[in-house]
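Could you look at this predicted model? Sequence included:
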Amino acid sequence: MNAVWAILVAGGVGNRFGGQVPKQFRSLAGKRVLDYSLEVFGSLPELAGMVLVLPQDFLEEGKKLQASLQKPLRLAIGGLTRQKSVQNGLSLIQNEADWIIVHDVARPLLDAGMVRRTLDGARDSGAAITAVPISDTVKKGDGSHFVQKTVSRDQLFQVQTPQAFSRKVLSEALDWAESRGLDATDEAGLVEDMGHRVRLVEGSIFNFKITRPQDLEMAEALLEKRRGRKVNLTCRIGEGYDVHPFVEGRDLILGGVKVPFEKGLKGHSDADALVHAICDAILGASAQGDLGAHFPDTDPKFKGVSSLVLLQEVRRLTQEKGYVVGNVDATIICQKPKLAPFIAEMRKNLAATLGVAEDQVSVKATTEEGLGFTGTMQGLAAKAVVLLNKEGV
């Protein structure tokens with residue numbers, strides 16, 4: 001028996017990264033961060049299967065992945081520490097694996113050659129770790145932030161993942177650490193502390209860890225360069241347009257403001273055409289379809305809902321893609337009623353929902369001089385242009 005399994009660690013919540021979505025689920029050049037590791041390991045014929053360690057709240061996402069991958073994929077729940085997450089993953093394959101490769105999916109720029117080198121190193125010595133030599137000068141400081149001495153970098157390495165072990169060595173190291181109340185940031189450290197030698201194998205400076213939004217931007221630039229494409233990393237522009245007919249018996253809601261008028265707008269939600277146009281502009285800028293695709297008028301849970309709730313969800317979806325709203329310029333087109341007295345409150349509502357300053361939101365109103373759909377009072381239209389900025393830039 002010579003079965004190789006991978007434990008892909010994606011159990012963290014990414015506190016240093018910020019935002020509501022863990023970094024492993026953030027968008028990166030058209031995919032999610034974790035998808036890159038799954039693709040590399042899933043392509044290796046020598047691999048018997050993978051264990052994906054996820055936060056409890058994202059197990060349903062893992063189940064979708066199980067259905068889409070050709071290679072066996074098992075799901076484990078992440079622990080409070082990386083060490084515990086690896087233990088949880090190992091428990092699912094303890095009796096099936098002879099060799100274990102551990103990889104942090106927050107390093108999406110690995111390649112198959114790197115994985116194979118690490119596995120070969122482990123087969124030679126029982127344990128191996130991917131690493132790159134330190135190229136910068138290293139100095140040791142004291143408690144007052146003064147240099148004590150310059151440290152020779154000749155034998156210093158910056159460690160990465162993947163790391164690979166025989167199942168026996170990894171199991172013994174984790175059990176040894178648990179019995180002593182130890183907690184290490186990487187499994188190779190435990191193996192070293194236990195007295196076992198760990199081989200260093202060649203990594204890559206591009207195999208860096210996504211820790212902050214700037215790291216995500218660098219990774220996207222590198223991936224797009226590999227594909228031979230240029231990408232605008234800092235901003236995107238989108239436009240939106242919405243129109244609703246007037247009907248009796250409904251309130252007229254625009255920008256979350258109830259505008260006194262004898263008619264309202266027909267629609268499944270509150271029919272706030274201004275907010276709908278802004279939603280479509282944001283979704284368009286982030287290439288996520290349109291409003292109807294996310295909030296269909298056949299879904300009863302959206303019946304009568306405030307469109308500001310929809311805008312809040314659109315904002316969340318956009319942040320998942322790594323973007324925030326830079327500014328909004330919107331225009332309401334109607335013959336009546338007069339909207340000037342209500343525009344300030346509209347801007348206030350929109351800014352609060354988008355999490356931006358009021359001077360980042362412009363709302364204007366105009367007529368079509370009695371012409372067309374709006375000019376003949378059949379209904380009302382709104383259009384919007386939105387600029388999205390890369391989060392953290």
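Received the coordinates, thanks.

hey, let's count contacts and neighbours off CA atoms from now on
Fine.

pLDDT weak spots in the chain?
1, 13-20, 229-233, 392-393 (pLDDT under 70).

domain ranges for it?
4-226, 235-390 (automatic domain parsing).

Can you give me the end-to-end span of the first one?
When the termini of domain 4-226 are compared using C-alpha to C-alpha, to the nearest Å, they are 29 Å apart.

Let me have the domains of the chain in TSV, extended by mean neighbour count.
Formatted as TSV, the domains of the chain follow (neighbours: other C-alpha atoms under 10 Å):
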stretch	mean neighbour count
domain 4-226	18
domain 235-390	19
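
which stretches of the stretch 251-393 of the chain form strands?
Using DSSP state E, counting those that start in this stretch, the strands of the stretch 251-393 of the chain run over 252-254, 257-259, 264-265, 323-333, 361-366, 379-390.

Turn those strands into a markdown table, including distance to I77.
Listed next are the strands of the stretch 251-393 of the chain as a markdown table, based on distance: least, C-alpha to C-alpha, whole Å:
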| stretch | distance to I77 |
| --- | --- |
| strand 252-254 | 44 |
| strand 257-259 | 44 |
| strand 264-265 | 47 |
| strand 323-333 | 29 |
| strand 361-366 | 42 |
| strand 379-390 | 31 |
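
can you tell me which of those strands comes nearest to V53?
The closest of these to V53 is strand 323-333. By C-alpha to C-alpha, the value is 26.7 Å.

Who are the packing partners of that closest one?
helix 273-285, strand 361-366, strand 379-390 (3 or more C-alpha pairs under 8 Å, 6 or more residues apart in numbering; DSSP states H and E).

change it to 6 Å
strand 361-366, strand 379-390 (3 or more C-alpha pairs under 6 Å, 6 or more residues apart in numbering; DSSP states H and E).

Ok, which of those strands comes nearest E313?
When the helices and strands packed on strand 323-333 are compared by C-alpha to C-alpha, strand 379-390 sits nearest E313, at 15.6 Å.

Next, the contact list for the closest residue in space to A340 that isn't next to it in sequence, please.
Once flanking residues are discounted, A340 sits nearest to A365: 7.2 Å by C-alpha to C-alpha, 6 or more residues apart in numbering. Going by C-alpha atoms under 6 Å, 6 or more residues apart in numbering, A365 touches 331-333.

10 Å - rerun?
Residues near A365 by C-alpha atoms under 10 Å, 6 or more residues apart in numbering: 330-335, 338-340, 343, 382.

before we move on, what about L387?
By C-alpha under 10 Å, 6+ apart, the neighbours of L387 are 235-239, 281-282, 285-286, 323-329, 360.

go with 8 Å
Contacts for L387 (C-alpha atoms under 8 Å, 6 or more residues apart in numbering) come out as 235-238, 282, 285, 325-328.

can you list those in JSON lines and add distance to L28?
What follows is those, written out as JSON lines (distance: C-alpha to C-alpha, whole Å):
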{"residue": "C235", "distance to L28": "15"}
{"residue": "R236", "distance to L28": "15"}
{"residue": "I237", "distance to L28": "18"}
{"residue": "G238", "distance to L28": "20"}
{"residue": "I282", "distance to L28": "18"}
{"residue": "A285", "distance to L28": "16"}
{"residue": "V325", "distance to L28": "18"}
{"residue": "G326", "distance to L28": "20"}
{"residue": "N327", "distance to L28": "23"}
{"residue": "V328", "distance to L28": "25"}
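
so which of the helices and strands packed on strand 323-333 gets nearest F157?
The nearest among these, by C-alpha to C-alpha, is strand 379-390 at 32.6 Å.

can you give me the angle the closest one makes with strand 361-366?
Going by axes from the mean of the first three to the mean of the last three C-alpha atoms, to 10 degrees, strand 379-390 is angled at 160 degrees with respect to strand 361-366.

Listing partners with orientation, what would you give for strand 379-390?
Strand pairing for strand 379-390, determined by DSSP bridges: strand 235-247 (antiparallel), strand 323-333 (antiparallel).

JSON lines for these, including distance to P55?
Below are these laid out as JSON lines (distance: least, C-alpha to C-alpha, whole Å):
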{"stretch": "strand 235-247", "distance to P55": "31"}
{"stretch": "strand 323-333", "distance to P55": "23"}
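
For L54, which non-adjacent residue is spatially closest?
Per C-alpha to C-alpha, 6+ apart, closest to L54 is G11, 4.1 Å.
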